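Asks: Here's a sequence, model it:
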Amino acid sequence: MVATQREVVYEVDAAKARGRYRRSEPPPPYTYAITLEVEEEGDVWPTVRLWDNADDVNEHHVHEYTRQDGKQMPLVRHFDSVNGAMAVANAECREKAAEIVRHWWES
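Replies: Have a look, this model is predicted:
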């Protein structure tokens, strides 16, 4: 998938992994989704972790994925702002990618 104006795809420090940051267009409040994806054979990029506020702009979720069971129930996190939640999610995607990907491969 090619990045759009409100979508950024970036490499992370994990083998064959990338982050994908998507955000709604202005005006606020913004919805967002940040995914950590890992490359599998055949240029397939399954999601291994998702940070989002898709259900409610003020409810921030972290979804783990497993190879066997897919998307898990969310961990709900509390932030003072959508911008704060997006910043933390992007940082975790970049900084914890190797650990998250390793956990996914073992699941």
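Asks: Can you tell me how far the residue of the chain most remote from its centre is from residue 21?
Replies: Relative to the centre of the chain, the most outlying C-alpha is that of residue 27, 22.2 Å out, by Cα atoms, centre = their mean. Distance from residue 27 to residue 21, counting by Cβ to Cβ, to the nearest Å: 19 Å. For the C-beta atoms, the positions are set from N, CA and C on the backbone; glycine is no exception.
Asks: again with residue 51
Replies: From residue 51 across to residue 21, the span is 9 Å (Cβ to Cβ).
Asks: Kindly report the same for residue 102.
Replies: Distance, residue 102 to residue 21, using Cβ to Cβ: 22 Å.
Asks: Neighbour count for those two, which is higher?
Replies: Under the neighbour definition other Cβ atoms under 10 Å, residue 102 and residue 21 were set side by side, and residue 21 has more, 19 against 13.
Asks: That one and residue 42: what is the separation?
Replies: Using Cβ to Cβ, residue 21 is found at 24 Å from residue 42.
Asks: same deal with residue 51?
Replies: Residue 51 is 26 Å from residue 42, where distance means Cβ to Cβ.
Asks: Which one's more surrounded, these two?
Replies: The neighbour comparison of residue 51 against residue 42 (other Cβ under 10 Å) goes to residue 51, with 25 against 5.
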